[in-house]
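In: Structure, please.
(chains A and B)
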Amino acid sequence: MHGSDRFYPPMRRRHLLGRVGAGTLALLSAPLSRPAWAQAQVDLHAPGAPSLRPMTTAYPQKGPMILQRTSPPWLETPFKVFDKGVFTPNDQHYVSWHWATFPSEIDVGTFRLTVRGHVNQTLSLSLDDLLHGMPRVELAAVNQCAGNSRLYMQPHVAGAQWANGSMSNALWGGVRLKDVLDRAGVKAGAVQVRFGGLDEALMPEAPKFLKSLDIDHARDGETMIAFAMNGEQLPLLNGFPLRVVVPGWSAVYWVKMLNDIEVLDQPDTNYWTSTGYRVPDTPNSTITPGQMGVKLVPVTRMPPRSFLTNINSGDTLRAGMPTPARGIAFGGDCGVARVDLSIDGGKSWQPSQLGKDEGKYGFRRWQAQFTLPARGSHGLMVRCTNSNGVMQPSAPVWNPAGYLNNTIETTHVVAA
Amino acid sequence: MPRILLATAAICSIVLPPLAGHAAPLTALKSLKLDVPTSDATVPPGPGADAVNGNCLACHSADHLTNQPSLPKQTWEEVVQKMITAYKAPISPQDVTAIVDYLASTKGTK
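Out: Residues are numbered from 1 along each chain as shown, chains lettered A, B, ... in the order given. Now for the predicted structure:
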């Protein structure tokens, strides 16, 4: 039924094991039948919060995913996927929806993208118009939920309890938003461009999910309308047939099932742009719990992050033995300048080698070799510095909505 | 000759960056008609569970709630108020009280 049946049976154990030991796999001894695996759980190891989640293969065009919420779907990419390469397979690209009302059926013949508002000419573009009538562009970019890693914020906060897998990297193919706007002809005085998709608000008075970018950002030549992900059409749950790609910015701006572009001559007053998705205007978006009088600003650019992907917390390594470390990093709103590794809990750092640059907004592979000097517990830390000179913070990131967590990751291992 | 080929390959690789594991550009999209799972699960029983099931599950499945961490009652009051003010959930005042009490008892901090 899914690609998962072809590719995943040998991998399922690894997905399910995730970042943890076998002790968390209650069904490890069960027969390897499909129902047993469908019920298996993954432990996301969040101290003081529910950590077990079911694995699911029930979603169309998706392989094994961590089930964070059934409806509207929140499906998390299993962490082991990030060890396999810098491009996340489409069938394991994470999924997140605000409203459950998005259609499950899309006819490519009748679908239209409307461009309207403060323009010279309203457009109604077919998918053929976009695929064959405009210059194509391609760009690798990380699509990351603003709330990725919210599960690990301390104290805990309400919201989607994502571990580290509400992020994925793809090679996006499509057209420049600028070219589409130019075809409509933006009038003088335009200030923002607002995006809407096929998902409608459930309650009549509730705010439809809309997001806006400033006009100059929308016309920067990088912001695009994607119809391809890694060379294939987008999975339904990732926004088929069109989604906005805003390289370097949080995924909330990457409106899925895009069918409406409205050029505004006044700032957007919709809830999602004017009120939702706010962080403190402080270094690393961080305040102390209960801190009052803080100015809030919209979530926009992503900060740098890095992850160790071949060693998991709880692993036992050999003392005195050279050990390979590898993982992924991304710079956020710019490229990766360097990734450093610490094996002494952050007291000293060694540089890593960076892998091939597939584009500054995408994941970048890093690798290093280290030797744990003595038996006992060790904290392995990995830290990205981006090409703007911004470094991941060692102090915990915390804000009331749980956004933009990019605290340096620590992997706790034992040397034997 | 091999050198020329290599040079040509090098130029091509600059002009045409290789795609990630695929070659042919997408020329047409295919219509989709798929089944997206939903849930009819209810929240664990307890005082106020009916109010939760009758209001909250209209927009999101029960696992949204069961996966939440434990939080102070005041935070749950704010969460429920946000559902009303921001997302226009039509919750009666009696149900607001019942929902907050349910969350405070099942997902509350001491």
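In: Report the spatially closest residue to A:Gln154, excluding sequence-adjacent ones.
Out: Distances taken as Cβ to Cβ, 6 or more residues apart in numbering or on different chains place A:Pro396 nearest to A:Gln154, at 6.3 Å, with adjacent residues excluded. Yep, even glycine has a C-beta here, placed from its N, CA and C like the rest.
In: contact partners of the lengthiest helix in chain A?
Out: Ranked by residue count and defined by DSSP state H, the top helix of chain A is helix A:177-184. Contact with helix A:177-184 is made by A:113, A:115-116, A:119-123, A:125, A:130, A:134-135, A:193, A:218-221, A:223-225, A:244, A:261, A:263, as judged by Cβ atoms under 8 Å, 6 or more residues apart in numbering or on different chains.
In: what do you get for stretch B:27-46?
Out: With Cβ under 8 Å, 6+ apart, stretch B:27-46 has contacts from A:56, A:58-61, A:70-71, A:73, A:100, A:104-109, A:127, A:131-132, A:227, A:233, A:236-237, A:240-241, B:49, B:52-53, B:56-57, B:61-63, B:65-66, B:102, B:105-106.
In: just checking, which of those residues belong to helices?
Out: In helices, defined here by DSSP H, the members of the contacts of stretch B:27-46 are A:127, A:131-132, B:49, B:52-53, B:62-63, B:65-66, B:102, B:105-106.
In: re the thing from before, ok, the helix or strand that the longest helix of chain A is followed by: who's next to it in the sheet?
Out: Once the chain leaves helix A:177-184, the next helix or strand it forms, by DSSP states H and E, is strand A:192-197. Strand A:192-197 pairs in its sheet with strand A:210-214 (antiparallel), strand A:258-264 (antiparallel), by DSSP bridges.
In: rewinding a little: including pLDDT and neighbour count, could the ones in helices among the contacts of stretch B:27-46 go into JSON lines?
Out: JSON lines is the format used below for the ones in helices among the contacts of stretch B:27-46 (pLDDT from 0 to 100; neighbours: other Cβ atoms under 10 Å in any protein chain shown):
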{"residue": "A:Leu127", "pLDDT": "98", "neighbour count": "20"}
{"residue": "A:Leu131", "pLDDT": "97", "neighbour count": "21"}
{"residue": "A:His132", "pLDDT": "96", "neighbour count": "11"}
{"residue": "B:Ala49", "pLDDT": "98", "neighbour count": "17"}
{"residue": "B:Val52", "pLDDT": "98", "neighbour count": "21"}
{"residue": "B:Asn53", "pLDDT": "98", "neighbour count": "16"}
{"residue": "B:Ala62", "pLDDT": "98", "neighbour count": "21"}
{"residue": "B:Asp63", "pLDDT": "98", "neighbour count": "20"}
{"residue": "B:Leu65", "pLDDT": "97", "neighbour count": "19"}
{"residue": "B:Thr66", "pLDDT": "97", "neighbour count": "14"}
{"residue": "B:Tyr102", "pLDDT": "98", "neighbour count": "24"}
{"residue": "B:Ser105", "pLDDT": "97", "neighbour count": "12"}
{"residue": "B:Thr106", "pLDDT": "97", "neighbour count": "20"}
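In: Next one, pLDDT for residue 37 please.
Out: No chain in the question, so chain A it is. Note for A:Trp37: predicted pLDDT of 47.
In: wrong one, chain B
Out: pLDDT recorded at B:Pro37 is 97.
In: Could you say which helix or strand holds A:Asp216?
Out: Using DSSP H and E, A:Asp216 sits in helix A:215-218.
In: Quick one: mean pLDDT over the longest helix of chain A.
Out: Taken as a whole, helix A:177-184 carries a mean pLDDT of 98.
In: which residues touch the residue of the stretch 251-400 of chain A found nearest chain B?
Out: Distances between the stretch 251-400 of chain A and chain B by Cβ to the nearest Cβ are smallest at A:Tyr271, namely 6.0 Å. Listed by Cβ under 8 Å, 6+ apart, the contact partners of A:Tyr271 are A:Pro207, B:Ala86.
In: Looks like A:Phe370 contacts A:Asp344 (just checking).
Out: No. Assessed by Cβ atoms under 8 Å, A:Phe370 is found out of contact with A:Asp344, at 10.1 Å.
In: The two: which has the busier surroundings?
Out: Higher neighbour count among A:Phe370 and A:Asp344: A:Phe370, with 19 against 13, using other Cβ atoms under 10 Å in any protein chain shown.
In: Nearest spatial neighbour of the more buried one, chain-adjacent residues omitted?
Out: Nearest to A:Phe370 is A:Ile343, by Cβ to Cβ, 6+ apart, at 5.0 Å.
In: Relative to chain B, how far out is A:Arg176?
Out: 16 Å (Cβ to the nearest Cβ, to the nearest Å).
In: end to end, how far does stretch A:184-195 reach?
Out: End-to-end span of stretch A:184-195 (Cα to Cα, to the nearest Å): 15 Å.
In: from the middle of its chain, how far away would that stretch be?
Out: Mean C-alpha position of stretch A:184-195 versus that of the full chain (Cα atoms, centre = their mean, to the nearest Å) differs by 28 Å.
In: Over to stretch A:210-223?
Out: Mean-position distance between stretch A:210-223 and its chain equals 19 Å (Cα atoms, centre = their mean).
In: which of the residues in it are buried?
Out: A:Leu210, A:Lys211, A:Ser212, A:Leu213, A:Ile215, A:His217, A:Ala218, A:Arg219, A:Glu222, A:Thr223 (16 or more other Cβ atoms under 10 Å in any protein chain shown).
In: what's the burial count for A:Val255?
Out: Around A:Val255 there are 27 residues (other Cβ under 10 Å).
In: residues near B:Pro25, how many?
Out: With other Cβ under 10 Å as criterion, B:Pro25 counts 12.
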